[in-house]
Structures are given as C-alpha cells and as structure tokens.
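[1] Provided below for reference: sequence and predicted model.
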Amino acid sequence: MNSPAHLFEQGRDWLDSHGKMAWIALMVLGFIIFWPLGLATFFYMIGTNRMGKCSNRRGWGRHHRRNAPTGNTAFDAYREETLKRLEDEQSAFQSFLGNLRAAKDRAEFDEFMNKRKNDNDSGDQAPA
C-alpha cells in the first residue's frame, strides 16, 4: 500500500518531469482552491529551488548535460579542449577586470589625497 510520503514523492517527481509550468499551475490552483495550499506550494518551490531544477522535453535542464559524452571521441575531445580554453580566457578576463578596477580605484584615491593635501597646504599659508 502506498504511504502518503510515497504519494508525495511520486507527485513531486511527476511535477519535476513536466517542468516549472506544472509547479506554477499547482501553485495557482492551490491559491484558488485553498489559499494555504498555494502558499505552502510557493514556499516549497522556493525552499527546494524547484524553479531552477525542473527539466522537461522542452530543454529546461539542458545545461546539466553539458559534459555528457556524445559517442564521438574526436568531438568530445575538441569540446573539452574548447571549454577549458574558454574557461581559462574567462578567468584571465575576470582577473584583468579586477586589476583594472583596482588601478582605477587607486588613481581616484591618490587624486583625492593629493587634492586634500593641496587644500590643507594652501589653507595653512593663508594670512591670518
């Protein structure tokens, strides 16, 4: 005999297999029929990140299969090499942007300190 927990798991798996629109439909129907059910569904979806995990026939979880082998070893090797190169380039670019921001911040700070020093020096030399 099916326990309530088992039925809940089956329902959850069915909704996951049909994508996030099925979860949204359940939430809306829950609000219409009995609002605490819709609210509970909403908090469950947020708490378990159901909106990001759903995958269905339309390709909702395509990014999870990124590294799945295609069966063509030459293409798989090329893809892995290209992805590694792109990740290295992205890392280098992020590092470059970080250095650029640091240099800009340093230049702005030095300019502020020089201006402040010049303002203090000109204020000290003014006749009383």
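    Yes, it's here.
[2] for residue 121, give its distance to residue 111.
    According to C-beta to C-beta, to the nearest Å, residue 121 stands 16 Å off from residue 111. (C-beta placed from N, C-alpha, C; glycine too.)
[3] what is the subsequent helix or strand relative to the worst-scoring helix or strand of the chain on mean pLDDT?
    Ranked by mean pLDDT, DSSP states H and E, the helix or strand of the chain with the weakest confidence is helix 50-53, at a mean of 64. Downstream of helix 50-53, the next assigned helix or strand under DSSP states H and E is helix 73-124.
[4] count of neighbours near residue 119?
    By the criterion of other C-beta atoms under 10 Å, residue 119 has 10 neighbours.
[5] where in this structure is pLDDT low?
    Along the chain, the parts satisfying pLDDT under 70 run over 1, 51-66, 123-128.
[6] go with 50
    55-64 (pLDDT under 50).
[7] can you give the distance of the helix or strand harbouring residue 23 from its chain's centre?
    Following DSSP H and E, one finds residue 23 within helix 20-33. Helix 20-33 has its average C-alpha position 24 Å from the chain's average C-alpha position, going by C-alpha atoms, centre = their mean, to the nearest Å.
[8] and if you look at stretch 5-19?
    25 Å.
[9] could you pull out the buried residues of it?
    15-16, 18-19 (16 or more other C-beta atoms under 10 Å).
[10] please parse the protein into its domains.
    Domains of the chain are assigned by automatic domain parsing as 1-56, 91-128.
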